[in-house]
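Undergrad: everything below, folded, please.
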Amino acid sequence: MSQKNWQKIKLVKLLDLLRQESDEQHPFTTNQICDYMLSIDIPCDRRVVSHDVALLNEMDIEVLETWVGKSKAYYIEDRSFSVPELKILIDAVQAASFITEKKTGELIDKLAHLGGTHRAEILKSNLVCFNTRKHSNEHIYYNVDALEDAIQRQKKAIFRYFDIDIDRAKVYRRDGHHYAVEPVALVYNEDNYYLIAYSDKHDGTANYRVDRMDSVEALDEDISKKAVELRSQVAEYTGQAVKMYGGELKTVMLEFDRNLNGAVYDRFGENVNMMTSGKERNIATVKVQISPTFWGWLFQFGKQMRVISPDEVVKEYTARLEEVLE
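TA: Sure thing, here's the model as predicted:
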């Protein structure tokens, strides 16, 4: 191999070494860099290491200098992600139920090493396994890849959909026949990943958990115009559906104790219209899809919260309370 090619390879290996292994507490001296290059059979003269570092800096890759004893040393401090940013991403992966134990470990390892080897050791040594409800579908990455491909190309998709029985075995819906849907968006909600699809039958949305799918394929068939238009409404829709459970959209007035302001803001967003009703109570007007999960969210607050409008929702609220009492 020519000397010119050796020089190119050496620059790449030097950059990889400094990015992955160095930081302010772990700089590499000129001799250490030469020893590393020789260990991977790349010729290296300690007299030209500073020249190689200068070339990297000319390419806007900031390599910093320091001294280790009487020897000049080099390191890269700047990373694409800081330790706090990587910690947040790693905790998000840990919290996501739809990512299996195996995939969680693989993804955490990749994220940790974005900060370099030494930071990776710190991040991984401080891991706390706080989610023991991980799902078991190892095809989750394939499912996401196939569905995202269909969404980007505005194509229909098919898949089989299943539940889990008491023996943790798959029980396929529709006797194992495929679902054919018009994908709109992939949404992360309440620790799970969902596909929002357009339903021509209901002229609205249908939601499917991605970890409950298998045999996912993108079809060479275009989605409808309504499905394309629905994409711009995804953010609004996810704010109205409780736990991604669809229902009839209503404008509802809730009355509640003031100490539940935070719970209302968390559920419906901080732009919700709220006013005082006196006696340490507030009223909020929200748009919500009336569903079993909405009632479950409401009932958890007991007498601290109630529906006061519209009449048809108040009647359903009363009927559900009476049904529970029975």
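Undergrad: burial measure for the spatially closest residue to residue 248 that is not a sequence neighbour, as a count.
TA: Distances taken as CB to CB, 6 or more residues apart in numbering place residue 290 nearest to residue 248, at 5.3 Å, with adjacent residues excluded. Any C-beta I mention is one placed from the backbone N, CA and C, and that applies to glycine too. Residues lying near residue 290 (other CB atoms under 10 Å) number 20.
Undergrad: just checking, residue 290 touches residue 251?
TA: No. With contact defined as CB atoms under 8 Å, residue 290 and residue 251 do not form a contacting pair (10.8 Å).
Undergrad: where along the protein do the helices fall?
TA: Taking DSSP state H as the test, the helices found in the chain are 3-21, 30-39, 49-58, 83-95, 101-112, 117-125, 140-152, 225-230, 234-240, 261-268, 292-299, 311-325.
Undergrad: got JSON lines for the ones you listed, with mean pLDDT too?
TA: Formatted as JSON lines, the helices of the chain follow (pLDDT from 0 to 100):
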{"stretch": "helix 3-21", "mean pLDDT": "77"}
{"stretch": "helix 30-39", "mean pLDDT": "89"}
{"stretch": "helix 49-58", "mean pLDDT": "86"}
{"stretch": "helix 83-95", "mean pLDDT": "78"}
{"stretch": "helix 101-112", "mean pLDDT": "82"}
{"stretch": "helix 117-125", "mean pLDDT": "63"}
{"stretch": "helix 140-152", "mean pLDDT": "90"}
{"stretch": "helix 225-230", "mean pLDDT": "88"}
{"stretch": "helix 234-240", "mean pLDDT": "67"}
{"stretch": "helix 261-268", "mean pLDDT": "84"}
{"stretch": "helix 292-299", "mean pLDDT": "88"}
{"stretch": "helix 311-325", "mean pLDDT": "90"}
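Undergrad: these: which one's closest to residue 65?
TA: Comparison of the helices of the chain against residue 65 by CB to CB identifies helix 49-58 as nearest, at 7.7 Å.
Undergrad: now do that closest one: which elements does it pack against?
TA: Counting by 3 or more CB pairs under 8 Å, 6 or more residues apart in numbering; DSSP states H and E, the packing neighbours recorded for helix 49-58 are helix 3-21, helix 30-39, strand 71-75.
Undergrad: now these in CSV, with mean neighbour count?
TA: Formatted as CSV, those follow (neighbours: other CB atoms under 10 Å):
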stretch, mean neighbour count
helix 3-21, 15
helix 30-39, 16
strand 71-75, 18
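Undergrad: residue ranges with poor pLDDT in the stretch 151-300 of the chain?
TA: Scanning the stretch 151-300 of the chain for pLDDT under 70 picks out the ranges 237-245.
Undergrad: hey, what's the residue nearest the centre of the chain bridged with?
TA: Nearest residue to the geometric centre of the chain (CA atoms, centre = their mean): residue 188, 6.2 Å. Beta bridges link residue 188 to residue 193 when assigned by DSSP bridges.
Undergrad: so it sits against residue 96, correct?
TA: Yes. Counting by CB under 8 Å, residue 188 touches residue 96, with 7.3 Å between them.
Undergrad: hmm, back to that, so how far is residue 317 from the residue nearest to residue 248?
TA: Going from residue 290 to residue 317 by CB to CB, to the nearest Å gives 10 Å.
Undergrad: what does residue 176 give?
TA: 39 Å.
Undergrad: and residue 30, what does it touch?
TA: Remark: with contacts taken as CB atoms under 8 Å, 6 or more residues apart in numbering, residue 30 is in contact with 46, 49, 50, 71, 72, 73.
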